[in-house]
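**Student:** fold the following, please.
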Amino acid sequence: MLVVQPPATAIPVVPSVREQRRAFDIQVIRPYFGAVMVRIRGALDADSALQLRSAVSTWAHRRFPVLVLDLSEVDFLDAAGLAALGGIQARTVKENTTLRIITGDNRVVRRALADSGLDHALNVSRLPSGWERAQEIPGQG
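**Tutor:** Below you'll find the predicted structure:
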């Protein structure tokens, strides 16, 4: 007896998560209220963690009392990104600077911080009022 199988159903190929991510981008927002804000967009991973450390180092010598990292537009955060945030926290403690992590309503970032336990070690909050009026520093990025 001959048994004929129906043809296999085609499975649509979905682009990988990495392909769906936005390009990594860092913007430094004009300092005011004694703080400087660094807005990060895209994936904060092994490839971009070094760029974040470099951007923070550029502003660290200016000795702002508060450093705000806006992660509300980060669409991926892995162990390397979390390690970078931990390293920045250690540096700010050493330099007697306050670090604030802004997440907005970003569930990706909130979950990664909660799963790693860093949400308790870092000063994590939603976007504070007034920051949305800040302007980017021309020529920085």
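**Student:** so where's this protein uncertain?
**Tutor:** 1-21, 30-32, 60-61, 127-141 (pLDDT under 70).
**Student:** need the longest strand for it.
**Tutor:** strand 66-77 (DSSP state E).
**Student:** so what strands line up beside that one?
**Tutor:** strand 35-44 (parallel), strand 98-102 (parallel) (DSSP bridges).
**Student:** I'd like the next helix or strand past it.
**Tutor:** helix 79-94 (DSSP states H and E).
**Student:** can you name the residues bridging to Leu99?
**Tutor:** Bridge pairing for Leu99 - DSSP bridges - gives Leu67.
**Student:** tally of neighbours for it?
**Tutor:** 19 (other C-beta atoms under 10 Å). (Each C-beta comes from the backbone N, C-alpha and C, glycine too.)
**Student:** quick check: it vs Ala23, distance?
**Tutor:** 25 Å (C-beta to C-beta, to the nearest Å).
**Student:** can you report how many residues neighbour the residue lying closest to Thr103 once chain neighbours are set aside?
**Tutor:** Spatial nearest neighbour of Thr103, chain neighbours left out: Val109 (4.8 Å); criterion: C-beta to C-beta, 6 or more residues apart in numbering. Val109 has 27 neighbours, counted by other C-beta under 10 Å.
**Student:** so Val109 makes contact with Glu73?
**Tutor:** No. Under the criterion of C-beta atoms under 8 Å, Val109 is not in contact with Glu73, lying 9.3 Å apart.
**Student:** overlap of the contact sets of those two?
**Tutor:** Among the neighbours of Val109, none is also in contact with Glu73 (C-beta atoms under 8 Å, 6 or more residues apart in numbering).
**Student:** Asp119: neighbour count?
**Tutor:** For Asp119, using other C-beta under 10 Å, the count is 17.
**Student:** wait, it sits on Arg110?
**Tutor:** Yes. Counting by C-beta under 8 Å, Asp119 touches Arg110, with 7.3 Å between them.
**Student:** you'd agree Arg62 is in a strand?
**Tutor:** No. Judged by DSSP: H, G, I helix; E, B strand; the rest coil, Arg62 forms no part of a strand; its state is coil.
**Student:** just checking, it touches Val36?
**Tutor:** Yes. Counting by C-beta under 8 Å, Arg62 does reach Val36; the two are 7.3 Å apart.
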